[in-house]
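[1] the sequence isn't on hand, but the structure is:
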Ligand SMILES: [Zn+2]
């Protein structure tokens, strides 16, 4: 492992940015990605779609097994699990785990570096000038014996795949 990989592996991306510190571009990106990743794990209100914040209330609910039966300890006491209560800006309340997962889609979708790489991979590059306009005018989706690999009509229909792989 190179010193750079080691340095990157040791970097704590969950830290809060300290304005008096100097960060490298890579470190800033790692922190930003962490913020986005944390954001994608937050819960949204099922009624209005706003973010939920912990209200400070915690409800202890009996722990249930996969059959819905209460889980007990060796002495027969019911075990409880703490569920923090979440509240959205419109005052709707729910318990953690019952909300809608933020994920990376939906309103304000999140793009990670690997998604951007995916897009760049599909971009058309030319050595000179701009791509031939026929790319956008119907001449684009054509095969050639030495051309790009394509998805079959069935794959395109079933998975919403693009013409070219
Ligand atoms: Zn709400």
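    That came through fine. Since we're looking at a predicted model, the values are computed, not measured.
[2] what's in contact with the top strand by length along the chain?
    Longest strand in the chain, counting residues (DSSP state E): strand 53-62. Identification of contacts with strand 53-62 by CB atoms under 8 Å, 6 or more residues apart in numbering yields 70-71, 78-88, 93, 95-96. C-betas here are computed from N, CA, C, even on glycine.
[3] number of nearby residues for residue 37?
    Around residue 37 there are 14 other residues, counting by other CB atoms under 10 Å.
[4] that one: helix or strand, and which one exactly?
    helix 25-40 (DSSP states H and E).
[5] pull out the buried residues from that helix.
    Using 16 or more other CB atoms under 10 Å as the test for burial, helix 25-40 gives 27, 30, 31, 40.
[6] give me the element residue 83 is part of.
    Residue 83 belongs to strand 80-87, assigned by DSSP H and E.
[7] neighbouring strands - and their directions - for that strand?
    strand 53-62 (antiparallel), strand 93-95 (antiparallel) (DSSP bridges).
[8] which one of the buried residues of helix 25-40 is nearest the ion?
    Among the buried residues of helix 25-40, residue 40 lies closest to the ion (CB to the ion), at 19.0 Å.
[9] residue contacts, the closest one?
    Residue 40 touches 102, 103, 104, 110, counting by CB under 8 Å, 6+ apart.
[10] report the contact partners of the second one.
    To tie it back to what came earlier, the one meant is residue 103. residue 40.
[11] so it: helix, strand or coil?
    coil (DSSP: H, G, I helix; E, B strand; the rest coil).
[12] check what pLDDT it gets.
    At residue 103, the model reports a pLDDT of 85.
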